[in-house]
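Undergrad: Return a 3D structure for these sequence lines:
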Amino acid sequence: MDAYDVVVIGAGHAGCEAALACGRMGLKTLLITLNLDALAMMPCNPSIGGTAKGHLVRELDALGGEMGRAIDDVFIQSRMLNTRKGPAVHSLRAQADKKAYQLRMRRAVDDCENLDLRQAEVRRVVVEHGRVAGVETTTGGKVACRAVVACCGVYLNSRIIIGECGWNGGPQGLLAANALTQNLIDLGFSIRRFKTGTPARLDGRTIDFDKMTPQAGDDPIVPFSFLTDPATLKNRALCYLTYTTPETHRIILDNLHRAPMYSGAIHGTGARYCPSIEDKVVRFRDKDRHPIFMEPEGLNTHEWYAQGMSTSMPEDVQRLIYASIPGLERAKLLRLAYAIEYDCIDPTQLDRAFRARHIEGFYCAGQINGTSGYEEAAAQGLYAGINAALWCQGRPPFILNRADAYLGVLVDDLVTKGVDEPYRMMTSRAEYRLLLRQDNADLRLTARGREAGLASEERYRRAREKQRLTDEGRAALDRLHLTEKLRAADAKYDALRAEHPELPDYPDDVKEQLEITVKYEGYIARQDADRRKFLKMEDTPLPPDADYLNMSGLRIEARQKLDAQRPASLGQASRIPGINPGDISVMMIWLKAIKQPPLE
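TA: Numbers count the residues shown, from 1 in each chain. Below you'll find the model as predicted:
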């Protein structure tokens, strides 16, 4: 029987990051996937990043992950979003060459020491005495291991739905994983059914781009990875903007009875923040049009993606809908839009390291945890992979909290609050978003990644040098009494230096830090004070063996929820749905009585 330290199930964005993290940390790792040709596939939008998602990719990169470096190597257009707003919500987004991205990530996996690949379907995770012992495949293969990271994506019992037609299958014509859900149920996991969808793909040779508005990329370009030289990057494609029309909306409303999400054919819960076009038309009847962004799928294909046109309408209705949009009147549909239903777990059954509370060595990451999006999946995969590796090494878990990173917000939301619909990261979820900007992810997290054993020495050296130069630049501004000048809303460091040549010159990322930290200094200080208050609660641990069911003064609902979730700290307990301030007061009195020491 083959034996590994860690087996990662699924080679999507979560699985690739989890496997790479384990391999790079020195663990003998096996990455098992249904189809090797689908490794790191982008079954939906051909992009990486976006609002809040760009923060996750930069944090992943700072910790030593691969997604940021991969997209920098193969993107075809890059833009910084929300630049008219404050720096807290600036988010990078890049159009990917889909096939090139897959090949780039496959190369990283192939070149990773300690990491093997295998094409197979896992039907069972073997658990003995409450501990992972191995996995079994549908063809009878057995692999012994100490830890498993389940990154099953949308493949668990997945079902494709187009109008009145439906069949068991995965995205883009791939197979479903039909065996593992029952095993998860047998192992004590609570299963729910979620749904997502994707637009049609169109033949670019049949699109009339003259009827659309070109959307160019940024110049200069900001990379995702802190290791990428911006001077090496360039845009290589245009995107285009068009809109739905009243005719589009009429067609949808006239055929609403045939829409699976309204006819009852779809049973899974869909994403609130990524609605289908029929859902948008119904929910926003006062709008006479909705934006549609036409995006190329790559440089060596004629396929185009219609961002904003996700639907599961029947084929004949789809053809009418797309033909009603300016520029798409004669467009040929290469792939129909579809909805996909799939199984996932209740993530409150995981602890803050993404390990199952009831099974030692069992970790979950990505859409199996009820999330949506490549970036959310990749960040979870890295996090779970690091923790699986640390657990195998007998080291303490790697934990990020809400004041550390967007990834910490994501983890806490999932394991503490749970999900009743596909979870999407948004800047509004982060209470300390002015501190957790995408531009300072390296300063916040690189040292943590190095401590875990993943971030390289070169990455750590660069982050330290950036911090040193930023501190030096701030001292120079104060010494020359120029801080107030830079605080002006439209002031730039380069313009200030032109007037005062005694100011040192610095790399662009250091100038960016100086401008942001000076201009928003008061706001940053207030948010940092809030952060310190938060950490007092977060650093107040709760005993793992606390007898909540018999704790005097707690309401019955609070007792049951605290007993089920076993929060690690008073702060985490306060965020469990159904726990009120009165319950926290009772727990604080109880903690004082038992004199629980603070976390180190």
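Undergrad: What helices and strands are in contact with the worst-scoring helix or strand of the chain on mean pLDDT?
TA: For the chain, the helix or strand with the lowest mean confidence is helix 260-263, at a mean of 86 (criterion: mean pLDDT, DSSP states H and E). Packing partners of helix 260-263 (3 or more Cβ pairs under 8 Å, 6 or more residues apart in numbering; DSSP states H and E): helix 277-283. Where you see a C-beta, it was placed from the backbone N, CA and C, and this is true even at glycine.
Undergrad: average model confidence for the helix it packs on?
TA: Along helix 277-283, the predicted confidence averages to a pLDDT of 93.
Undergrad: who touches stretch 172-181?
TA: Outside of stretch 172-181, the residues within contact range by Cβ atoms under 8 Å, 6 or more residues apart in numbering are 9, 34-35, 38, 41, 43, 121-125, 138, 150, 152, 155-159, 168-170, 191, 335, 343.
Undergrad: go on, stretch 109-125?
TA: For stretch 109-125, the surrounding residues in contact (Cβ under 8 Å, 6+ apart) are 4, 7, 9, 11, 16, 19-20, 22-24, 26-36, 39, 132, 134-139, 141, 148, 150, 175, 177, 179-180, 183-184, 187, 362.
Undergrad: Strands - which of these land there?
TA: Taking DSSP state E, the ones among the contacts of stretch 109-125 that sit in strands are 4, 7, 9, 29-33, 132, 134-137, 148, 150, 362.
Undergrad: ranking those by neighbours, who comes first?
TA: Comparing those by number of neighbours (other Cβ atoms under 10 Å), residue 29 comes first, having 31 neighbours.
Undergrad: partners of that one in the sheet?
TA: Assessed by DSSP bridges, residue 29 has beta-bridge partners residue 6, residue 115.
Undergrad: Wait, residue 535 touches residue 403, no?
TA: Yes. In terms of Cβ atoms under 8 Å, residue 535 counts as a neighbour of residue 403; the distance is 6.1 Å.
Undergrad: more neighbours, these two?
TA: When residue 535 and residue 403 are compared for neighbours, residue 403 comes out ahead with 22 against 17, by other Cβ under 10 Å.
Undergrad: In contact with that one, which residues?
TA: Listed by Cβ under 8 Å, 6+ apart, the contact partners of residue 403 are 431-432, 435, 531, 534-535, 538.
Undergrad: what about the longest helix in this protein?
TA: Counting residues, the longest helix found in the chain (DSSP state H) is helix 457-479.
Undergrad: Now do the helices in the stretch 301-450 of the chain.
TA: Chain-ordered helices for the stretch 301-450 of the chain, with DSSP state H, counting those that start in this stretch as the definition, fall at 315-323, 374-392, 406-412, 441-452.
Undergrad: Just send those helices back as TSV, with distance to residue 225 and mean pLDDT too.
TA: Listed next are the helices of the stretch 301-450 of the chain as TSV, based on distance: least, Cβ to Cβ, whole Å; pLDDT from 0 to 100:
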stretch	distance to residue 225	mean pLDDT
helix 315-323	36	98
helix 374-392	13	98
helix 406-412	16	98
helix 441-452	10	98
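Undergrad: Let me know which of the ones you listed is the nearest to residue 549.
TA: Minimum separation from residue 549 across the helices of the stretch 301-450 of the chain (Cβ to Cβ) falls at helix 406-412, 24.2 Å.
Undergrad: where in the stretch 451-600 of the chain is pLDDT low?
TA: Residues of the stretch 451-600 of the chain meeting the criterion pLDDT under 70: 596-600.
Undergrad: ok, back up a step: can you say which of the contacts of stretch 172-181 are buried?
TA: 9, 34, 38, 41, 43, 121-125, 150, 152, 155-159, 169-170, 343 (16 or more other Cβ atoms under 10 Å).
Undergrad: picking that back up, buried among the contacts of residue 403? Make that a ChimeraX selection.
TA: Buried residues among the contacts of residue 403 (16+ other Cβ under 10 Å), as a ChimeraX selection:
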select :432,435,531,534,535,538
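Undergrad: Show me which of the contacts of residue 403 is closest to residue 230.
TA: The shortest approach to residue 230 among the contacts of residue 403 belongs to residue 435, at 24.4 Å (Cβ to Cβ).
Undergrad: So which residue is dead centre in this protein?
TA: residue 376 (1.1 Å; Cα atoms, centre = their mean).
Undergrad: now that residue: how far from residue 407?
TA: Here the distance between residue 376 and residue 407 works out to 9 Å (Cβ to Cβ, to the nearest Å).
Undergrad: now do residue 369
TA: Residue 369 sits at a distance of 13 Å from residue 407 (criterion: Cβ to Cβ).
Undergrad: now do residue 489
TA: Using Cβ to Cβ, one gets 31 Å for the distance from residue 489 to residue 407.
Undergrad: Neighbours of residue 16, how many?
TA: If you count neighbours by other Cβ under 10 Å, residue 16 ends up with 33.
Undergrad: Next, the contact list for it, please.
TA: Residues 31, 39-40, 66, 105, 108-109, 378, 381 are the ones in contact with residue 16 under the rule Cβ under 8 Å, 6+ apart.
Undergrad: Can you pick out the most distant pair from the residues you listed?
TA: Maximum distance among these (Cβ to Cβ): 14.2 Å, for 31 and 378.
Undergrad: re earlier: any shared contact partners between residue 376 and residue 407?
TA: Residues within reach of residue 376 and of residue 407 at once, by Cβ under 8 Å, 6+ apart, are residue 56.
Undergrad: Which parts of the stretch 151-300 of the chain are strands?
TA: The residue ranges that make up the strands of the stretch 151-300 of the chain, judged by DSSP state E, counting those that start in this stretch, are 159-162, 165-168, 191-198, 201-203, 213-215, 239-243, 291-296.
Undergrad: pLDDT on the last one, on average?
TA: Confidence over strand 291-296, taken as the mean pLDDT, stands at 98.
Undergrad: Tell me which residues of it come out buried.
TA: Of the residues in strand 291-296, those buried (16+ other Cβ under 10 Å) are 292-296.
Undergrad: and what of the second one?
TA: Residues residue 166 are the ones in strand 165-168 that count as buried (16+ other Cβ under 10 Å).
Undergrad: Show me what that strand is packed up against.
TA: Contact here means 3+ Cβ pairs under 8 Å, 6+ apart; on that basis strand 165-168 packs against strand 159-162.
Undergrad: so which of the contacts of residue 16 comes closest to residue 207?
TA: The shortest approach to residue 207 among those belongs to residue 40, at 27.2 Å (Cβ to Cβ).
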